[in-house]
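1. give me the fold of what follows.
(2 chains)
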Protein chains: 2
Amino acid sequence: MIADKMRPLVENNSAIRAMFEEGKKMAAVYGRENVYDFSLGNPNVPAPPAVNQAILDIIREEETTFVHGYMSNAGFEDTRDAVAQSLNRRFGTHFRLENILMTVGAASGMNVIFKTILDPGDEVLVFAPYFMEYGSYVRNYDGVLVAVPPDTSSFQPDLKEFEKRITPKTKAVIINTPNNPTGVVYSAETLREIAGILKKKEAELGTQIVLISDEPYRELAYDGVEVPYVTPFYHNTIVCYSYSKSLSLPGERIGYLVIPDEMEDSSKVIAAAAVANRVLGCVNAPSLMQRVIVRCVESQVNLKAYDRNRELLYNRLKEYGFDCIKPEGAFYLFVKSPVDDKAFCQSCKEHRVLLVPGSSFACPGYVRIAYCVSYEQIERSLPAFKKIAEEYGLTEKREEV
Amino acid sequence: MIADKMRPLVENNSAIRAMFEEGKKMAAVYGRENVYDFSLGNPNVPAPPAVNQAILDIIREEETTFVHGYMSNAGFEDTRDAVAQSLNRRFGTHFRLENILMTVGAASGMNVIFKTILDPGDEVLVFAPYFMEYGSYVRNYDGVLVAVPPDTSSFQPDLKEFEKRITPKTKAVIINTPNNPTGVVYSAETLREIAGILKKKEAELGTQIVLISDEPYRELAYDGVEVPYVTPFYHNTIVCYSYSKSLSLPGERIGYLVIPDEMEDSSKVIAAAAVANRVLGCVNAPSLMQRVIVRCVESQVNLKAYDRNRELLYNRLKEYGFDCIKPEGAFYLFVKSPVDDKAFCQSCKEHRVLLVPGSSFACPGYVRIAYCVSYEQIERSLPAFKKIAEEYGLTEKREEV
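-> Numbers count the residues shown, from 1 in each chain, chains lettered A, B, ... in the order given. As a prediction, this is how the structure comes out:
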């Protein structure tokens, strides 16, 4: 009954999602507070109060048939205008509402882009480690995802390896900064270099290469680190944004695409993306949440809560002997695994600590810890992490150094 | 820049949507009350008060991170359970929550089904006239939509023509009752005959054929006409439901799939559909709206408002000389066009009456009038319809009969 293409997807179902389902089962057995679930990027920090207030106000103030009704497939004009103006204020860009397409989250936004631009066999480059669902999104349109191997010393993109992999079939490149799963942020210099390589290759090959900036973690950066806006660096950039993390609304499925005028065939791409949004079945981004964005476009979750989690977990894990770079953004630690990462995750599960193997990000030998949990969960989990470190001799090794 | 497959989609962009966009422009020029826009199925009857009350209560009573957070890709368990129990109560079915998958509206639900079951070249049968987007949904997965020609005397399915078109490649059949654009409802007898043909063909060809029942208009039936539930008639049925019309929430993108245990490979199809929902980028149906469904699963829009519209418009149009069957469900009139349907719609536009040509439903020679508008709009539009009838000599013809 199942389509051939779906079969491997079902068999290799998302390890992250499998762990999430497992965590729910374990919580039922051991009690929620005794399971240390660091598997899913499901924010524990609540949406800013302005969001719920906006919902209450909209229901009271705006006309019901309008709030819950159809609008243009690209979204409400005032929502798109609010997004464009906010970006212009913050990043000195010059977007109009026409450059903004509201989407059912960033995942759907990426599907819309790929549906719009990918022909079968087109290649999409991505830097490992990366969110494995990218592969599914690309394969939905018979594209081929090509991974650039990681530089595990810094987890910054390896630009030499990148350049080598650009071919006449390269249609797009995905970047994701701040990064899931490593937490690294690309500097302006890095973006300039990536843009330089792409421009050179476009000229050399006579092709157009789209830089897709997947930005669900844009607002989540610490220690005052700058997350440069990507569109000024490169003409063929499409930004894929989500409010899942910045407003803690992952279940609501609300995000947007930015398709700048500078892009080749810009107006055609904009029109085609709106059609793709419709025919993929989304039709439009959820309407009430679009109304919320009009009122909350500059709101933000409490970043300090994540920062506090980051400091606690990073410092303790280092103290116990774990090896890990300090993340500058997002809400993940990407920790070196003392043994095979899948085996290590299994063994952590015996301590009721749920992590995701680096293999699930095309980077075996590491594990991802999502610290978008309560501070108390981190505190409660520390003895388990300590025991794990002792079990694997990490504490000793650290003391020997 | 645009993918080859997208190009025809952009060029032949939805006539319905084009008319909707045109209506907005005309409203800006002539004033909203002077444009009689009958183009889009965008309900004018507001969501039942219980829906907005539920939103207010959920925001006040339920935990924010839960309300707006991720859940399993198939949806919140209590939402799925509420849907299953409601169906069981109303239709004597025996669904469990596992049979229900919450989706981003029915359009997305259909994409999820086709992604799950269609291999390239698989054929999907549909009865003309039909919602043309079905073709895009099927082609998204390289399937082939095959239309069964209409019986324009009754707009009931022509079962002889249907049977002739079932081949070894037939993977699915779409039915849509109450029907867009005709408003006809399939009787139990008709469903029994369709099921009989499918079972016979399955046995003959040694294939599995999925009957997809697209049911956004299920609750919209008039004069006490029964809309039989489809799953008891045929084992391989998948129901595709939307709250867009039954709760007037088209912009919110909330619906569900029913995948019964009786279906071949049922548990695999259920698992695969949840994965399809994720990898297509929806991830899950919007979470707040899922919470609303728990509380409003038995709520309904004010059907009387649509019925009143139906009676007024149908009776007046008949009086003016238009030729049309009386719809038993949904909120559309499918009216015989006195001339080429596209030309007729153009000419109606000069009277500021916006209709959609039957060609857009694979049934030229007719036009669709969506009467999900205010009663006042219908009243205001009547002189225009009368003028149009006179212009085309319909009134005279009627008087001659």
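
2. CA atoms for contacts and neighbours, from now on please.
-> OK.

3. tell me the residues of the stretch 201-350 of chain A that contact chain B?
-> A:208, A:248-253, A:264-265, A:268-269, A:271-272, A:275-276, A:279-288 (Cα under 8 Å from any Cα of the partner chain).

4. same thing but at 10 Å, please
-> A:207-210, A:244, A:247-254, A:263-266, A:268-269, A:271-276, A:278-290 (Cα under 10 Å from any Cα of the partner chain).

5. just those residues: which are in helices?
-> Cross-referencing those against helices under DSSP state H gives A:266, A:268-269, A:271-276, A:278-279, A:287-290.

6. for those, which one is nearest chain B?
-> A:Ser287 (4.9 Å; Cα to the nearest Cα).

7. go ahead and confirm the closest one touches A:His68.
-> Yes. Assessed by Cα atoms under 10 Å, A:Ser287 is found in contact with A:His68 at 5.7 Å.

8. which residues are in contact with both of those two?
-> B:Leu249, B:Pro250, B:Gly251, B:Glu252, B:Arg253 (Cα atoms under 10 Å, 6 or more residues apart in numbering or on different chains).

9. among the residues you listed, which are in reach of chain A?
-> B:Leu249, B:Pro250, B:Gly251, B:Glu252, B:Arg253.

10. now those in a markdown table, with neighbour count and pLDDT?
-> Below are those laid out as a markdown table (neighbours: other Cα atoms under 10 Å in any protein chain shown; pLDDT from 0 to 100):
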| residue | neighbour count | pLDDT |
| --- | --- | --- |
| B:Leu249 | 31 | 97 |
| B:Pro250 | 30 | 96 |
| B:Gly251 | 28 | 97 |
| B:Glu252 | 29 | 98 |
| B:Arg253 | 29 | 98 |
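
11. if we can go back for a sec, could you turn the buried ones of the ones in helices among the residues of the stretch 201-350 of chain A next to chain B into a ChimeraX selection?
-> Here is the ChimeraX command that selects the buried residues among these (16 or more other Cα atoms under 10 Å in any protein chain shown):
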select /A:266,269,271,272,273,274,275,276,278,279,287,288,289,290
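
12. now do the one helix or strand A:Gln53 maps to and helix B:49-61, the angle between them.
-> For A:Gln53, the host element (DSSP states H and E) is helix A:49-61. Calculated by axes from the mean of the first three to the mean of the last three Cα atoms, to 10 degrees, helix A:49-61 forms an angle of 160 degrees with helix B:49-61.

13. tell me which residues of stretch A:39-50 are tucked away?
-> Applying 16+ other Cα under 10 Å to stretch A:39-50 flags A:Ser39, A:Leu40, A:Gly41, A:Asn42, A:Pro43, A:Asn44, A:Val45, A:Pro46, A:Ala47, A:Pro48, A:Ala50 as buried.

14. close to chain B, is it?
-> Yes. Residues of stretch A:39-50 contacting chain B under Cα under 10 Å from any Cα: A:Leu40, A:Gly41, A:Asn42, A:Pro43, A:Asn44, A:Val45, A:Pro46, A:Ala47, A:Pro48, A:Pro49.

15. how far away is the residue nearest to A:Ala74 when sequence neighbours are not counted from A:Gly75?
-> Leaving aside its sequence neighbours, A:Ala74 sits nearest to A:Leu101 (Cα to Cα, 6 or more residues apart in numbering or on different chains; 4.7 Å). Relative to A:Gly75, A:Leu101 is positioned 6 Å away (Cα to Cα, to the nearest Å).

16. same deal with A:Ala50?
-> Distance from A:Ala50 to A:Gly75, by Cα to Cα: 21 Å.

17. do A:Thr64 as well
-> For A:Thr64, the distance to A:Gly75 - Cα to Cα - is 17 Å.

18. look at the two and report which has more neighbours.
-> Remark: of A:Thr64 and A:Gly75, A:Gly75 carries more neighbours, 25 against 22, as counted by other Cα atoms under 10 Å in any protein chain shown.

19. need the phi and psi values for the more buried one.
-> Per-residue torsions, A:Gly75: phi 120, psi 170 (degrees, to the nearest 10).

20. contact partners for it?
-> Residues in contact with A:Gly75, defined by Cα under 10 Å, 6+ apart, are A:97, A:100-103, A:256, A:274, A:283-287, A:290-291, B:251.

21. ditto for A:Gly143
-> A:114-115, A:118-124, A:135-137, A:169-171.

22. who are the contact partners of the residue nearest to A:Ala106 when sequence neighbours are not counted?
-> Excluding its sequence neighbours, the residue lying closest to A:Ala106 (Cα to Cα, 6+ apart) is A:Ser242, at 4.9 Å. Each residue near A:Ser242 by Cα under 10 Å, 6+ apart is listed here: A:102-109, A:214-218, A:248-250, A:253-257.

23. which residue packs closest to the residue of the stretch 251-400 of chain A found nearest chain B, ignoring adjacent ones?
-> Going by Cα to the nearest Cα, chain B is nearest to A:Gly281 of the stretch 251-400 of chain A, at 3.8 Å. Taking Cα to Cα, 6+ apart as the measure, A:Gly281 lies nearest to B:Ser108, with 3.8 Å between them; neighbours along the chain are not counted.

24. just give the number of residues close to the one you found.
-> B:Ser108: 29 neighbours (other Cα under 10 Å).

25. now for the helix or strand harbouring A:Leu9, which elements pack on it?
-> Here A:Leu9 sits within helix A:6-11, counting by DSSP H and E. Here helix A:6-11 touches helix B:105-117, helix B:266-279, going by 3 or more Cα pairs under 10 Å, 6 or more residues apart in numbering or on different chains; DSSP states H and E.

26. for the residue most central in space within chain A, give its distance to chain B.
-> By Cα atoms, centre = their mean, chain A has its centre lying nearest to A:Pro216, at 4.7 Å. Using Cα to the nearest Cα, to the nearest Å, A:Pro216 is found at 14 Å from chain B.

27. ok, A:Leu220 next?
-> The value you get for A:Leu220 to chain B, if Cα to the nearest Cα is used, is 18 Å.

28. any chance you could map the helices in the stretch 251-400 of chain A?
-> Shown for the stretch 251-400 of chain A, the helices assigned by DSSP state H, counting those that start in this stretch span residues A:266-279, A:287-296, A:303-320, A:341-350, A:375-391, A:394-400.

29. now do the fifth one, average pLDDT.
-> Over the span of helix A:375-391, the pLDDT mean works out to 96.

30. for that helix, buried residues please.
-> Result for helix A:375-391 [16+ other Cα under 10 Å]: buried residues A:Tyr375, A:Gln377, A:Ile378, A:Ser381, A:Leu382, A:Ala384, A:Phe385, A:Lys386, A:Lys387, A:Ile388, A:Ala389.

31. make JSON lines out of these and add distance to A:Leu191.
-> Below are the buried residues of helix A:375-391 laid out as JSON lines (distance: Cα to Cα, whole Å):
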{"residue": "A:Tyr375", "distance to A:Leu191": "34"}
{"residue": "A:Gln377", "distance to A:Leu191": "36"}
{"residue": "A:Ile378", "distance to A:Leu191": "34"}
{"residue": "A:Ser381", "distance to A:Leu191": "37"}
{"residue": "A:Leu382", "distance to A:Leu191": "37"}
{"residue": "A:Ala384", "distance to A:Leu191": "39"}
{"residue": "A:Phe385", "distance to A:Leu191": "36"}
{"residue": "A:Lys386", "distance to A:Leu191": "38"}
{"residue": "A:Lys387", "distance to A:Leu191": "41"}
{"residue": "A:Ile388", "distance to A:Leu191": "38"}
{"residue": "A:Ala389", "distance to A:Leu191": "37"}
